[in-house]
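**Student:** pasting the sequence and the predicted coordinates here, then a few questions.
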Amino acid sequence: MSGRESKRGVVKRSFLAAFPKTIPIMMGFLFLGMSYGIYMKVSGFSFVYPLCMSMVIFGGSLEFVAVTMLLGSFAPMQTFLMALMIQARHLFYGIALLEKYKGTGWKKPYLIFGMCDESFSINCATEVPEGTDKGWSYFFVTVLNQSYWVIGATAGGILGSFITFNTEGLDFVMTAMFVVIFIEQWLKEKKHYTALIGVAASAGCLLLFGADSFLIPTMVCILCFLTVFRKPVEKAGGLS
């Protein structure tokens, strides 16, 4: 077997190992993406907007908020700060994946760009099977998850032209998704220290800073707590 054929075999095995892990994400992203596309369409935008935004932004909660930004007045600084607050958690995701993404070569820039909550959960928690390549495995998880969102958002933007029912509250699907992710992580952990730290930090910062400004302080508090108490939490089995 030539080196090229061997490499193709590794790439194929990496894809076959990654795809089943993304199937639950596919089911969720197709529905959520369609909800976002419909929301964009009933807000007055062509399907081209959800198509391009899902490819370039790829941040579900930010994309929903971006609809309001596009309909509002021109405020670049406010938009920047809002985007930073909403997506600030990815800074901490990136820190957690520094070691895992080391040595992934040309794939690393896309892995950084395409990282979302679901891809982070899969790539962070799953061991790369023997006979596969970690870079390709992480890449396929990331690109498959984004493709599900792009397909769903585009389909929703197209189908939105035919929607006649009341779509009020449709943007709540992202909140529901994060609740499900939290519940899954809660069930997965042997101990619940990290979840409790997150809840306590969120509640405390919400009371101190208010609903419009609590996200970044919450992330900072969580990072500080997990850094200080990392060893005892790991020893107790509270970090998966």
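**Tutor:** Great, that's in hand. Numbers count the residues shown, from 1 in each chain.

**Student:** quick check: mean pLDDT across the lengthiest helix in the chain?
**Tutor:** Criterion DSSP state H: the longest helix present in the chain is helix 3-42. Here helix 3-42 scores 86 as its mean pLDDT.

**Student:** run the chain-centre distance for that helix.
**Tutor:** 13 Å (CA atoms, centre = their mean, to the nearest Å).

**Student:** please apply the same query to stretch 147-158.
**Tutor:** 16 Å.

**Student:** domains of this structure?
**Tutor:** 3-169, 189-240 (automatic domain parsing).

**Student:** tell me which of those sits nearest to residue 182.
**Tutor:** Nearest of the domains of the chain to residue 182, taken as CB to CB: domain 189-240 at 7.0 Å. Just so you know, the C-beta spots here come from the backbone N, C-alpha and C atoms, and that holds for glycine as well.

**Student:** and the nearest residue to residue 47 once chain neighbours are set aside, what does it touch?
**Tutor:** Once flanking residues are discounted, residue 47 sits nearest to residue 157: 2.9 Å by CB to CB, 6 or more residues apart in numbering. The contact partners of residue 157, by CB atoms under 8 Å, 6 or more residues apart in numbering, come to 37, 38, 40, 41, 45, 46, 47, 48, 49, 50, 51.

**Student:** just give the closest residue to the fourth one, not the sequence neighbours.
**Tutor:** On the basis of CB to CB, 6+ apart, the spatially nearest residue to residue 41 that is not a chain neighbour turns out to be residue 160, at 2.6 Å.

**Student:** how about the contacts of residue 157, which pair is most distant?
**Tutor:** Maximum distance among these (CB to CB): 14.7 Å, for 38 and 48.

**Student:** higher neighbour count, these two?
**Tutor:** residue 38 (24 against 11; other CB atoms under 10 Å).

**Student:** phi, psi of residue 59?
**Tutor:** phi -140, psi 100 (degrees, to the nearest 10).

**Student:** to clarify, my last question referred to residue 74.
**Tutor:** Dihedral angles (degrees, to the nearest 10) for residue 74: phi -70, psi 110.

**Student:** next one: residue 101
**Tutor:** The phi/psi pair for residue 101 (degrees, to the nearest 10) is phi -90, psi 0.

**Student:** in the helix or strand harbouring the residue nearest to residue 47, which residues are buried?
**Tutor:** According to DSSP states H and E, residue 157 maps onto helix 134-159. Buried residues in helix 134-159, counted by 16 or more other CB atoms under 10 Å: 134-158.

**Student:** please apply the same query to stretch 14-23.
**Tutor:** 14, 15, 17, 18, 21, 22.

**Student:** quick one on the thing from earlier: buried ones from the contacts of residue 157, can you make that a PyMOL selection?
**Tutor:** Those of the contacts of residue 157 that count as buried under 16+ other CB under 10 Å are selected in PyMOL with:
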select buried, resi 37+38+40+41+45+47+49+50+51
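
**Student:** residue 95: which of the contacts of residue 157 is nearest?
**Tutor:** residue 50 (30.4 Å).

**Student:** any idea how far that closest one is from residue 76?
**Tutor:** 22 Å (CB to CB, to the nearest Å).
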